[in-house]
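1. Below are the sequence and a predicted model; questions follow.
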Amino acid sequence: MAGPSRCHLLVIFLLQVTLNAFATPTLEGPANVKDCERQFTEKCGIEVGNGIFNNGFLSDDCCRDLVKLGKPCHDTFLNTSLAARHPSANKAQTLAKGEKIWTECVAIDNSDKHETKPVKECLEKFPPTCGEQIEKSIYQGTVVTDACCLDLVSWGKSCHDIIAERNHDVRHPSVNKALALASSGKVWNLCAAISRSPASFPLN
């Protein structure tokens, strides 16, 4: 019997190349978890875990690192954490939260390509820790420290409004925008009042 023709072999080769190009990589098992861990900082790993399991804050920088790491590693971290650290957690809800965080991080990563100059300048000027406090205060009603309020007021109302709108559109698009911006205005007014209080200024 004659062997396969060159044309037939070429078709098989091209088909295999195409399948490989679109194949979804799988990362399962301890070895692959360790490979992922080597590419991700402990700080960002903690942030992602807290974001999924404790409704914590995930910084823009860690979101970018997570997207760079890739969806397979994100899914591997999530499934491993569910099995090893949070076996009693509701699996469906946890997986949905993990997917939500991944989607938000992709949006943040994509937004970097389209950020306007004012947004970039405002983000560069403000301390990430205070940014986290202010965002949590807007969306979760938590308290902003006096120190961060003073930083916010020195940052300026214009930057506060620019970043509040940007964070809604990129990080919290499912929240009613009018309510989010109204909450942002309340946070500003409270911090502005704190900044005018004599108690906010250190004694000489």
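-> All right, it came through fine. It should be emphasised that the depicted structure is a prediction, and the values quoted were computed from it without experimental measurement.

2. Show me how this structure divides into domains.
-> 33-109, 117-195 (the TED database).

3. Redo the ones you listed as TSV? Include mean neighbour count.
-> The C-beta positions use only the backbone N, C-alpha and C, and glycine is treated the same way. TSV is the format used below for the domains of the chain (neighbours: other CB atoms under 10 Å):
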stretch	mean neighbour count
domain 33-109	16
domain 117-195	16
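
4. and the ones you listed as a markdown table, adding mean pLDDT?
-> Formatted as a markdown table, the domains of the chain follow (pLDDT from 0 to 100):
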| stretch | mean pLDDT |
| --- | --- |
| domain 33-109 | 89 |
| domain 117-195 | 91 |
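
5. Now Gly185. Its backbone dihedrals?
-> With angles defined as degrees, to the nearest 10, Gly185 sits at phi -60, psi -40.

6. How much space separates it from Glu165?
-> Distance of Gly185 to Glu165, given as CB to CB, to the nearest Å: 12 Å.

7. How about Asp61?
-> 20 Å.

8. before we move on, what SS does Glu115 have?
-> coil (DSSP: H, G, I helix; E, B strand; the rest coil).

9. Report the contact partners of it.
-> 123, 166 (CB atoms under 8 Å, 6 or more residues apart in numbering).

10. do Ser59 as well
-> 47, 128, 132.

11. so which strand or helix has the first one?
-> Meaning Glu47. helix 42-53 (DSSP states H and E).

12. so what secondary structure elements neighbour that helix?
-> Applying 3 or more CB pairs under 8 Å, 6 or more residues apart in numbering; DSSP states H and E, one finds that helix 42-53 contacts helix 60-69, helix 71-84, helix 91-111.

13. Please list the residues outside that helix that contact it.
-> 37, 56-59, 61-62, 65-66, 74, 77-78, 81, 86, 89, 94, 97-98, 101.

14. Could you tell me how far Lys136 is located from Glu115?
-> 22 Å.

15. er, Cys105 I mean
-> 15 Å.

16. do the same with Asp161
-> Taking CB to CB, one finds Asp161 at 16 Å from Glu115.

17. just checking, next helix/strand downstream of the helix or strand hosting Ala147?
-> In this structure, Ala147 sits in helix 146-155 according to DSSP H and E. Remark: after helix 146-155, the chain's next helix or strand is helix 157-171, criterion DSSP H and E.

18. helices and strands around that following helix, which ones?
-> helix 91-111, helix 117-125, helix 128-140, helix 177-196.

19. could you give the angle of the third one to helix 157-171?
-> With axes from the mean of the first three to the mean of the last three CA atoms, to 10 degrees as the criterion, the two stretches helix 128-140 and helix 157-171 enclose an angle of 70 degrees.

20. Alpha carbons of helix 128-140, in CSV - could you do that?
-> Output of helix 128-140 as CSV, limited to C-alpha atoms (Å, rounded to 0.1, in the frame of the first residue of the first chain):
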residue,chain,number,x,y,z
PRO,A,128,-2.6,53.7,46.5
THR,A,129,-3.4,53.0,50.2
CYS,A,130,-5.5,56.1,50.4
GLY,A,131,-7.1,55.4,47.1
GLU,A,132,-8.2,52.0,48.5
GLN,A,133,-9.7,53.7,51.5
ILE,A,134,-11.6,56.2,49.4
GLU,A,135,-12.9,53.6,47.0
LYS,A,136,-14.1,51.4,49.8
SER,A,137,-15.8,54.4,51.5
ILE,A,138,-17.6,55.2,48.2
TYR,A,139,-18.8,51.6,47.5
GLN,A,140,-18.9,50.0,51.0
